[in-house]
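Q: Sequence and predicted model, in that order:
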Amino acid sequence: MQELSARAEYALLAVLDLARYSSEEEPVKVGQVAERTGAPEKYLVQIFQGLKKDLIVNGVRGRSGGYYLVRPPRQISVAQVLEAAIPDDSPFADTGARETPDRQAVRSLWLRTERERVQALSQVSIGKLLRQAEAAGQPEA
């Protein structure tokens with residue numbers, strides 16, 4: 001089973017933090033996100049660059065600057081965040097091995113499951129993830 005990478009987890013935590021605490025009028029500083037999420041600040045700067053490039057966040061420079069979400073959380077999918085934050089690498093290592101029917105079958109299976117994973121993550125918005133997190137943090141009645 002594929003693990004959730006640190007970069008993917010930090011990206012999702014950072015976007016959830018912005019969904020919770022930022023707005024265009026009140027952007028959040030990277031240091032504040034780092035403090036609340038436990039992510040290294042230098043790592044978050046790299047993640048935010050990818051998120052900014054893919055128009056998920058915007059940054060404001062200056063003393064009162066920081067980052068905020070460009071769209072409402074319900075309009076941003078988990079898949080979009082992951083695609084922006086994680087470089088698009090080939091899922092297959094170049095082993096130099098010759099192509100065989102077995103290799104083709106394994107790669108076909110892997111690509112199919114990857115497409116299914118992306119489709120599932122595309123159906124979950126940051127808004128929904130935020131509501132789940134908030135519900136999980138509520139004390140029992």
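A: Structure's in. What do you need?

Q: CA atoms for contacts and neighbours, from now on please.
A: Fine.

Q: Please state the offset of the helix or strand of the chain with the lowest mean pLDDT from the chain centre?
A: Within the chain, judged by mean pLDDT, DSSP states H and E, the helix or strand with the poorest mean is helix 101-122; its value is a mean of 89. Taking Cα atoms, centre = their mean, to the nearest Å, one finds helix 101-122 lying 20 Å from the centre of the chain it belongs to.

Q: And stretch 52-62, by the same measure?
A: Using Cα atoms, centre = their mean, we find the averaged C-alpha position of stretch 52-62 to lie 15 Å away from the chain's own average C-alpha position.

Q: could you say what helices and strands the least confident helix or strand of the chain packs with?
A: Taking 3 or more Cα pairs under 8 Å, 6 or more residues apart in numbering; DSSP states H and E as contact, the helices and strands that helix 101-122 lies on are helix 78-85.

Q: Contacts for the helix it packs on, please.
A: Residues external to helix 78-85 that are found in contact with it (Cα atoms under 8 Å, 6 or more residues apart in numbering): 7-8, 11-12, 15, 47-48, 50-51, 53-54, 56, 118-119, 121-126.

Q: Can you tell me which of those are buried?
A: Buried residues within these, counting neighbours by 16 or more other Cα atoms under 10 Å: 7-8, 11-12, 15, 47-48, 50-51, 56, 121, 124-126.

Q: Include secondary structure and distance to A84 when you put those into JSON lines, please.
A: Converted to JSON lines, those look like this (DSSP: H, G, I helix; E, B strand; the rest coil; distance: Cα to Cα, whole Å):
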{"residue": "R7", "secondary structure": "helix", "distance to A84": "11"}
{"residue": "A8", "secondary structure": "helix", "distance to A84": "10"}
{"residue": "A11", "secondary structure": "helix", "distance to A84": "9"}
{"residue": "L12", "secondary structure": "helix", "distance to A84": "11"}
{"residue": "V15", "secondary structure": "helix", "distance to A84": "11"}
{"residue": "I47", "secondary structure": "helix", "distance to A84": "8"}
{"residue": "F48", "secondary structure": "helix", "distance to A84": "9"}
{"residue": "G50", "secondary structure": "helix", "distance to A84": "5"}
{"residue": "L51", "secondary structure": "helix", "distance to A84": "5"}
{"residue": "I56", "secondary structure": "coil", "distance to A84": "8"}
{"residue": "L121", "secondary structure": "helix", "distance to A84": "13"}
{"residue": "V124", "secondary structure": "coil", "distance to A84": "16"}
{"residue": "S125", "secondary structure": "strand", "distance to A84": "15"}
{"residue": "I126", "secondary structure": "helix", "distance to A84": "14"}
